[in-house]
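S.K.: Fold the following for me, if possible:
(one chain, ligands or ions: 1)
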Amino acid sequence: MDTDSGFGQRGAMGIMVRPATSADLAFVAQDGHLDPNRVEYKIRQNEVFVAERDGVPVGFVRIEYLWSVVPYIALIHVIEQQRARGVGKALLAHLEQVLRDAGHSTLLSSSQVDEPEPQAWHRHVGFSECGIIHGINEGGVGEVFFRKSL
Ligand SMILES: CC(C)(COP(=O)(O)OP(=O)(O)OC[C@H]1O[C@@H](n2cnc3c(N)ncnc32)[C@H](O)[C@@H]1OP(=O)(O)O)[C@@H](O)C(=O)NCCC(=O)NCCS
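M.R.: Modelled structure (predicted):
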């Protein structure tokens, strides 16, 4: 979906979001948090989406489901040179539409408590803070959770 109209069309900003395929594996596993086999499984489950600008991958989002029911953004990542140019917003808009179409009414996400930038981004794009799990990350860093109504 583009940033302005229907699925599969390029937006005014040249951003298109689509489901990831196995050809995207290296790009959508670049953070190294997950074993590539696991990422490939998630691609097959339709839990990974890629944003392209002018045909080149520039960002991705990986999701999972709390209790296998409530969608949760495990990671949203835009390559550094393309940040603050609408890519994250386009990924989110596409994901929200996919989830609404599947009957979901809530989206969860999270960010480390020591990372103010992504927290500010989440608030800016409509998420509200809904809780903290203390000490869950390496080094005892907590994770702040967000929710957004779809
Ligand atoms: C967080 C991230 C996904 C945002 O994507 P992005 O493409 O840079 O953001 P966008 O350009 O789509 O921003 C959309 C809106 O948020 C605003 N915004 C961007 N970064 C912001 C920030 N740090 N604080 C507040 N607002 C921000 C933009 O100005 C824009 O506002 P507008 O809609 O009013 O014009 C990206 O910066 C990133 O990959 N960061 C590193 C990884 C990370 O921290 N991921 C989140 C934790 S899972």
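S.K.: Tell me the strands beside the top strand by length along the chain, with direction?
M.R.: Among the segments of the chain that qualify as a strand by DSSP state E, the longest is strand 56-66. When pairs are called by DSSP bridges, strand 56-66 turns out to pair with strand 48-53 (antiparallel), strand 70-78 (antiparallel).
S.K.: Got phi/psi on the residue of the chain found nearest the ligand?
M.R.: Nearest residue of the chain to the ligand, counting by C-beta to the nearest ligand atom: residue 88, 2.3 Å away. Where you see a C-beta, it was placed from the backbone N, CA and C, and this is true even at glycine. Reported as degrees, to the nearest 10, the phi and psi values for residue 88 are phi -60, psi -40.
S.K.: neighbours of it, just the number please.
M.R.: A total of 23 residues lie near residue 88 under the criterion other C-beta atoms under 10 Å.
S.K.: Get me the contact residues on this protein for the ligand.
M.R.: On the criterion C-beta under 6 Å from any ligand atom, the ligand has as its neighbours in the chain the residues 75-78, 83-89, 111, 117-118, 120-121, 124-125.
S.K.: Pull out the buried members of those.
M.R.: Listed as buried from the residues of the chain next to the ligand are 75-78, 85-89, 111, 118, 121, 125; burial here means 16 or more other C-beta atoms under 10 Å.
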